[in-house]
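Undergrad: next comes the sequence, and after it the predicted model I'd like to discuss.
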Amino acid sequence: MAVDAVDHTKYIARSRASIEALKSANLLKSLNINAIVLGEHGVGKEALCKYILPDAVVVDGGDINEIIGYISTQDNVVIKDFDKITNYQKIKSAIEAYKTRIIATSTKTLNERILDDFFSLKITIPPLSERKEDVALLAKKFFEEVSSVFGEKKEVDTSLEDFQLDISQNCYSLRKSVYLKYLIDSLSEDDVMQVMEEFLSKRIGGRNDYRDQLYLFDVPLIRCGFKRFNSQLSMSERFGLNRNTLRKKINDYKDKYKLD
């Protein structure tokens with residue numbers, strides 16, 4: 001059964017796991033209890049925390065003095081990377097003394113005793129690889145974001161559907177791949193040459209620069225050829241390149257750059 005998408009400002013949820021996390025977050029908005037959000041980097045932990053406590057200060061778990069400073073002056077504090085804390089007892093004593101509410105995040109598994117000492121509720125957000133329904137919505141959000149950054153009002157490019165979106169690092173890599181796609185579609189020939197010039201200027205200076213850097217042209221062209229023409233024979237004819245020469249280039253690059 002299809003699930004309608006839910007977008008609460010920055011936290012997008014369509015997958016079952018994301019919607020369950022959002023239900024827990026809505027519960028936390030009405031209950032004055034401490035909670036922790038667990039998950040890999042880039043899954044949306046901080047976005048969910050800010051949805052729960054939109055006006056709360058966010059502090060890094062690696063700075064114990066800053067944490068205690070905010071606990072002593074704020075009603076609500078978001079502590080990111082709670083696993084970085086080096087003295088949990090000191091933090092616990094401060095929370096109890098000042099009656100401060102905390103919502104925390106962690107990318108690492110914490111000792112169950114620590115979790116039970118600090119938190120009444122744990123929310124786990126799975127990686128994007130387990131939340132495929134969320135990926136298209138997030139990609140659309142990032143496309144609109146990059147359009148706004150560059151001052152353009154564009155409809156979401158439908159070619160995103162055919163573009164290989166990178167979710168290996170969750171939202172971090174997804175945002176990067178969408179930005180890259182946007183920039184690629186916006187580049188002129190002069191832009192491409194300028195990018196290559198800047199890139200190559202940091203790599204040349206050896207004795208065989210032309211030969212050593214030629215793969216930067218060969219590999220993308222061969223990859224495009226495989227996608228467009230489907231066979232080495234058609235590719236060699238369209239490229240005006242001897243079949244043996246093309247085959248040698250493919251063999252030279254195929255293992256390192258996954259050409260097949």
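TA: Arrived safely, thanks for sending.

Undergrad: going forward, measure contacts and count neighbours with C-alpha atoms only.
TA: OK.

Undergrad: spatially nearest residue to N32 (excluding sequence neighbours)?
TA: Distance criterion Cα to Cα, 6 or more residues apart in numbering; nearest residue to N32, sequence neighbours excluded, is R101 at 7.1 Å.

Undergrad: OK, contacts around that neighbour?
TA: 32-34, 75-77, 95 (Cα atoms under 8 Å, 6 or more residues apart in numbering).

Undergrad: ok, N26 next?
TA: N26 makes contact with I52, according to Cα under 8 Å, 6+ apart.

Undergrad: work out for me the element it sits within.
TA: According to DSSP states H and E, N26 maps onto helix 16-30.

Undergrad: check which helices and strands the next helix or strand after that helix sits against.
TA: Once the chain leaves helix 16-30, the next helix or strand it forms, by DSSP H and E, is strand 35-38. For strand 35-38, the elements it packs on are helix 45-52, strand 101-106, strand 121-124, judged by 3 or more Cα pairs under 8 Å, 6 or more residues apart in numbering; DSSP states H and E.

Undergrad: quick one: residues in contact with the last one.
TA: Put plainly, it is strand 121-124. Residues outside strand 121-124 that contact it (Cα under 8 Å, 6+ apart): 21, 24, 33-39.

Undergrad: I'd like the average pLDDT over that strand.
TA: The average pLDDT within strand 121-124 is 96.

Undergrad: what pairs with that strand, and is each one parallel or antiparallel?
TA: When pairing is defined by DSSP bridges, strand 121-124 lines up against strand 35-38 (parallel).

Undergrad: ok now the strand it pairs with, how far from the chain's centre?
TA: 19 Å (Cα atoms, centre = their mean, to the nearest Å).

Undergrad: neighbours of K50, how many?
TA: Neighbour count of K50, defined by other Cα atoms under 10 Å: 19.

Undergrad: ugh, wrong one, I meant I33
TA: Number of residues near I33 (other Cα under 10 Å) recorded here: 16.

Undergrad: check S18 too.
TA: Neighbours of S18 (other Cα under 10 Å): 24.

Undergrad: distance check, the closest residue to it other than its chain neighbours against K92.
TA: Nearest non-adjacent residue to S18, counting by Cα to Cα, 6+ apart: I125, 6.8 Å away. According to Cα to Cα, to the nearest Å, I125 and K92 sit 25 Å apart.

Undergrad: more neighbours, those two?
TA: I125 (21 against 14).

Undergrad: from K80, how far out is the more buried one?
TA: 15 Å.

Undergrad: so for the residue nearest to N32, what's the pLDDT?
TA: Reported pLDDT for R101: 97.

Undergrad: low pLDDT regions in the stretch 51-200 of the chain?
TA: Applying pLDDT under 70 to the stretch 51-200 of the chain picks out residues 152-162.

Undergrad: give me the nearest residue to A21, chain neighbours excluded.
TA: A21's closest residue in space is I123 (Cα to Cα, 6+ apart), at 6.2 Å.

Undergrad: quick revisit: just the CA trace of the helix holding N26, in PDB.
TA: Provided in PDB are the C-alpha atoms of helix 16-30 (Å, rounded to 0.1, in the frame of the first residue of the first chain):
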ATOM      1  CA  ARG A  16       7.800   3.000   7.000                       C
ATOM      2  CA  ALA A  17      10.900   3.400   9.100                       C
ATOM      3  CA  SER A  18      11.000   7.200   8.700                       C
ATOM      4  CA  ILE A  19       7.300   7.600   9.400                       C
ATOM      5  CA  GLU A  20       7.700   5.500  12.600                       C
ATOM      6  CA  ALA A  21      10.600   7.700  13.600                       C
ATOM      7  CA  LEU A  22       8.500  10.800  13.000                       C
ATOM      8  CA  LYS A  23       5.700   9.400  15.100                       C
ATOM      9  CA  SER A  24       8.100   9.000  18.000                       C
ATOM     10  CA  ALA A  25       9.300  12.600  17.400                       C
ATOM     11  CA  ASN A  26       5.700  13.900  17.500                       C
ATOM     12  CA  LEU A  27       5.300  12.000  20.800                       C
ATOM     13  CA  LEU A  28       8.500  13.700  22.100                       C
ATOM     14  CA  LYS A  29       7.100  17.200  21.200                       C
ATOM     15  CA  SER A  30       4.400  16.700  23.800                       C
END
